[in-house]
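Student: Pasting the sequence and the predicted coordinates here, then a few questions.
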Amino acid sequence: MQLRINPNVARLVCSNSGKEVPARGFASPVGLCPCCPSPGKPVVVEYALDQVRAELASAPLGGRDGRGIWRFAPLLPVLDVPEEYAADVGGTPVVRHRRLSADLGVEVLLKNEGTNPSGSFKDRGLAVAAALGRACGARRFCLPTQGNAGVAACLFSARLGMPGCLVYMPESYRGCVYHRACEFFGGEVRFVGANIAAAGRAMREDLAGELASGAAVDMSTFFEPGRLEGKKTMGLEIASDLGAGALPDVIIYPTGGGTGLVGIWKAFEELSGLGILDAARTGLPRMVAVQSANCAPVVEAFEKGLADVAPVTSRGTVADGLDVPGAIMGHGILRVLRASGGAAVAVSDAAIEAAFARYGALGVNAGLESATTLAALEALLAVGDVRSGERVLLLNTGTHLIPLAKPQPSKG
Ligand SMILES: [Zn+2]
């Protein structure tokens with residue numbers, strides 16, 4: 001598979017300092033920035049928007065040949081991806097839900113990501129990250145995970161014909177659905193430590209040499225720039241589906257690492273830069289981060305008015321994907337929440353489970369992380385942060401099948 005870097009990529013910049021990060025011809029994989037204190041901050045891709053605009057004169061964005069997220073190729077960092085690699089990634093419709101709209105007194109739009117090939121929105125980020133890593137000469141991928149990201153990384157490693165992705169999971173995940181799914185897609189799973197942070201530390205020790213040489217790429221959230229670019233396609237699809245003048249007033253996003261929240265906003269900024277969105281005329285959506293009250297570092301930092309997210313001690317949550325006690329892109333998440341006039345809200349695990357059951361009763365195929373969006377909407381309505389009649393998009397990140405496949409504590 002011969003992949004190439006998109007000539008529309010203008011430069012790489014540090015998300016924290018704004019300084020340019022040397023791309024070195026993309027001859028080796030891109031990791032965290034060299035300008036901030038170790039281990040560095042996330043690196044972000046910037047595009048030559050004049051060049052993109054010229055390209056779009058012949059075919060509008062999203063209207064190109066091909067299916068899946070690469071229909072937005074002019075704004076993706078890597079090109080020449082074959083159809084079987086990602087035609088089934090993304091393309092999830094925005095659906096107006098009449099019953100929820102009537103019940104809640106707002107226009108409820110659902111974007112359900114459970115139809116992606118590994119069952120979650122993680123496929124968008126990992127599809128681009130793996131292709132970008134491969135284009136930069138990576139020979140193997142690795143990451144610590146406690147959920148869907150590991151499964152997606154294994155799936156795209158397999159689709160690239162690369163050696164099995166090395167996945168580090170906390171000890172307690174042995175035998176769980178994520179473990180089995182990673183192995184199904186050819187991954188090699190190692191169990192270390194009590195949580196994802198400990199698993200990540202062990203991985204970086206075990207693989208120090210390969211990571212330093214670029215032979216292995218750390219696919220952790222925001223440790224390389226491709227995952228953000230892939231998640232950005234959710235924003236491109238929302239704008240493309242609804243049209244520039246009909247964006248939601250509010251987007252509610254379940255926030256662990258926050259890649260999608262930052263990515264959706266990056267899409268809106270790029271579309272504004274291209275003149276496709278007119279932010280001054282129509283306004284952009286208010287972005288809302290929702291977390292479990294048992295692990296809410298972004299909510300705490302937002303409420304305290306901080307510029308970055310300080311790690312917390314998680315008390316554990318039923319929503320695995322939100323059991324993320326720190327956020328390496330915390331500064332970027334908070335910037336988006338404030339720039340958009342949005343909010344951060346914590347919901348209890350009981351509220352998450354109640355919302356999950358409500359989704360099930362309505363026939364909505366969404367998991368526990370997704371259920372936080374519905375719980376958050378109810379909380380925001382109660383305090384007046386969302387007003388009746390507004391258009392609210394709930395970003396539902398993954399399938400109901402994952403929580404249903406997990407062992408349940410017996411009730412009795
Ligand atoms: Zn930096």
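Tutor: Structure received.
Student: what about D206, how many neighbours?
Tutor: Under the neighbour criterion other CB atoms under 10 Å, D206 is assigned a count of 16. All C-beta spots, glycine's among them, are computed from the backbone N, C-alpha and C.
Student: go on, E270?
Tutor: By other CB under 10 Å, 22 other residues sit near E270.
Student: what do you get for D320?
Tutor: 24.
Student: And R281, by the same measure?
Tutor: Quick note: R281 (other CB under 10 Å) scores 8 neighbours.
Student: Beyond the helix or strand containing it, next helix or strand please.
Tutor: Using DSSP states H and E, R281 maps to helix 279-282. The C-terminal neighbour of helix 279-282 among helices and strands, as given by DSSP H and E, is strand 286-292.
Student: can you give me the strands for the stretch 1-150 of the chain?
Tutor: Assigned by DSSP state E, counting those that start in this stretch, the strands in the stretch 1-150 of the chain fall at 4-5, 9-14, 20-21, 43-47, 78-79, 94-96, 107-112, 140-144.
Student: Surely R67 is in contact with G91?
Tutor: Yes - counting by CB atoms under 8 Å, R67 touches G91, with 6.5 Å between them.
Student: Pull the contacting residues for whichever residue of the stretch 151-300 of the chain sits closest to the ion.
Tutor: Nearest to the ion in the stretch 151-300 of the chain, going by CB to the ion, is F222, at a distance of 12.1 Å. By CB atoms under 8 Å, 6 or more residues apart in numbering, F222 lies in contact with P42, L228, G257, T259, I328, M329.
Student: And the fourth one, what's its pLDDT?
Tutor: Confidence at T259, expressed as pLDDT, is 97.
Student: ok, now the second one?
Tutor: Per-residue pLDDT puts L228 at 98.
Student: any idea which element the nearest residue to it once chain neighbours are set aside lies in?
Tutor: Among residues not flanking L228 along the chain, G263 sits closest, at 5.2 Å (CB to CB, 6 or more residues apart in numbering). Assigned by DSSP H and E, G263 belongs to helix 259-273.
Student: Please state the offset of that helix from the chain centre?
Tutor: 12 Å (CA atoms, centre = their mean, to the nearest Å).
Student: now do stretch 4-20
Tutor: In terms of CA atoms, centre = their mean, the centre of stretch 4-20 is set 19 Å apart from its chain centre.
Student: So is that stretch next to the ion?
Tutor: Yes - shown here: stretch 4-20 in contact with the ion (CB under 5 Å from the ion) through C14, N16, S17.
Student: If you rank these by neighbours, which is first?
Tutor: N16 (21 neighbours).
Student: Around the ion, pick out the residues from this protein.
Tutor: Contact residues (CB under 5 Å from the ion) of the chain with the ion: C14, N16, S17, C33, C35, C36, K41.
Student: Distance of the first one relative to K232?
Tutor: When you say that, I think you mean C14. 18 Å (CB to CB, to the nearest Å).
Student: Equivalent analysis for the third one, please.
Tutor: For S17, the distance to K232 equals 21 Å [CB to CB].
Student: What of the fifth one?
Tutor: When CB to CB is applied, the distance between C35 and K232 equals 23 Å.
Student: For these two, work out which one has more neighbours and name it.
Tutor: Shown here are C35 and K232; by other CB under 10 Å, K232 has more neighbours (29 against 16).
Student: That one: what's it in contact with?
Tutor: L75, G263, I264, K266, A267, E270.
Student: What residues sit buried inside stretch 367-387?
Tutor: Using 16 or more other CB atoms under 10 Å as the burial criterion, the residues of stretch 367-387 that qualify are 367-381, 385-386.
Student: can you list the residues of stretch 4-20 next to the ion in a markdown table and add pLDDT?
Tutor: Formatted as a markdown table, these follow (pLDDT from 0 to 100):
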| residue | pLDDT |
| --- | --- |
| C14 | 98 |
| N16 | 97 |
| S17 | 97 |
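Student: Now render these as a markdown table, adding distance to V347.
Tutor: What follows is the residues of stretch 4-20 next to the ion, written out as a markdown table (distance: CB to CB, whole Å):
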| residue | distance to V347 |
| --- | --- |
| C14 | 33 |
| N16 | 29 |
| S17 | 34 |
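Student: quick check, nearest of the residues you listed to R358?
Tutor: N16 (39.3 Å; CB to CB).
Student: you'd agree A244 is up against L277?
Tutor: Yes - under the criterion of CB under 8 Å, A244 makes contact with L277 at 5.1 Å.
Student: More neighbours: which of the two?
Tutor: L277 (23 against 16).
Student: Next one: L277 from L236, what distance?
Tutor: 11 Å.
Student: Please apply the same query to V52.
Tutor: Distance from V52 to L236, by CB to CB: 12 Å.
Student: shared neighbours, these two?
Tutor: L75.
Student: So those two - more neighbours on which side?
Tutor: Using other CB under 10 Å as the criterion, V52 and L236 rank with L236 on top: 25 against 18.
Student: which SS state does that one fall under?
Tutor: Put simply, L236 is helix when judged by DSSP: H, G, I helix; E, B strand; the rest coil.
Student: Check whether it really touches F72, as I assumed.
Tutor: Yes - using CB under 8 Å, L236 is in contact with F72, at 4.8 Å.
Student: which neighbours do the two share?
Tutor: The contact sets of L236 and F72 overlap at L61, G62 (CB under 8 Å, 6+ apart).
Student: So R98 versus the ion, what's the distance?
Tutor: With distances taken as CB to the ion, to the nearest Å, R98 is found 47 Å from the ion.
Student: Is there a neighbour count for that residue? I'd like the number.
Tutor: By the criterion of other CB under 10 Å, R98 has 10 neighbours.
Student: How many neighbouring residues does the closest residue to M234 other than its chain neighbours have?
Tutor: In this structure, M234 finds its nearest non-sequential neighbour in I264, 5.3 Å apart by CB to CB, 6+ apart. By other CB under 10 Å, the residues close to I264 number 28.
Student: I264: what's it in contact with?
Tutor: By CB under 8 Å, 6+ apart, I264 lies in contact with K231, K232, M234, G235, I238, I251, Y253, M287, L395.
Student: Now do the strands for the stretch 301-412 of the chain: every range, in order, please.
Tutor: Along the stretch 301-412 of the chain, counting by DSSP E, counting those that start in this stretch, strands occupy 343-347, 391-396.
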